[in-house]
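Chemist: A structural model of the following input is requested.
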Amino acid sequence: MVFILQQYNMIMTAQHKRKVDDHENAQLWHARLGHISKDRIRRLVDSKNLEIDDLDHLPTCESYLKGKMTKKPFVGQSAIANDLLDLVHTDICGPLSTPARADSRTS
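Modeler: Residues are numbered from 1 along each chain as shown. Presented below is the predicted three-dimensional model:
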């Protein structure tokens, strides 16, 4: 059985390339650059290091907001001990493999 393969040489020109939407482009670069702020992206555009036409449609993403938070919000109540041993704090991390001073290990 013989197959005939026709091969075409095609050179990609600007007419054949797919244009990336500026809105998607801004979101893509925001994620690629570690969810940096809109001001920092604007500085890159102004210094001709990045080509994005419209930054106004870039929404603030959840990852960016979480990265700006100093700590996670605590939702809950702290228990108050009213009697001896009502509330006990324990260390559930040990035993540790790294020896402390005097070659002792936390257990």
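Chemist: for this structure, which spans come out with low pLDDT?
Modeler: By pLDDT under 70, the low-scoring segments of the chain are 7-24, 94-95, 104-107.
Chemist: all helices of the protein, in order?
Modeler: 22-32, 38-46, 62-68 (DSSP state H).
Chemist: what's the closest of these to residue 6?
Modeler: Between residue 6 and these, the tightest spacing by C-beta to C-beta is seen for helix 22-32, at 35.5 Å. (C-beta placed from N, C-alpha, C; glycine too.)
Chemist: For the closest one, name the packing helices and strands.
Modeler: For helix 22-32, the packing partners by 3 or more C-beta pairs under 8 Å, 6 or more residues apart in numbering; DSSP states H and E come out as helix 38-46.
Chemist: can you list the residues that contact the helix it packs on?
Modeler: 26, 29, 30, 33, 50, 51, 52, 55, 58, 60 (C-beta atoms under 8 Å, 6 or more residues apart in numbering).
Chemist: biggest separation within those residues, which pair?
Modeler: When C-beta to C-beta is used, the two most widely separated members of these are 51 and 60, lying 21.9 Å apart.
Chemist: so can I have a markdown table of the helices of the chain showing distance to residue 98 and mean neighbour count?
Modeler: Formatted as a markdown table, the helices of the chain follow (distance: least, C-beta to C-beta, whole Å; neighbours: other C-beta atoms under 10 Å):
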| stretch | distance to residue 98 | mean neighbour count |
| --- | --- | --- |
| helix 22-32 | 37 | 16 |
| helix 38-46 | 40 | 13 |
| helix 62-68 | 31 | 11 |
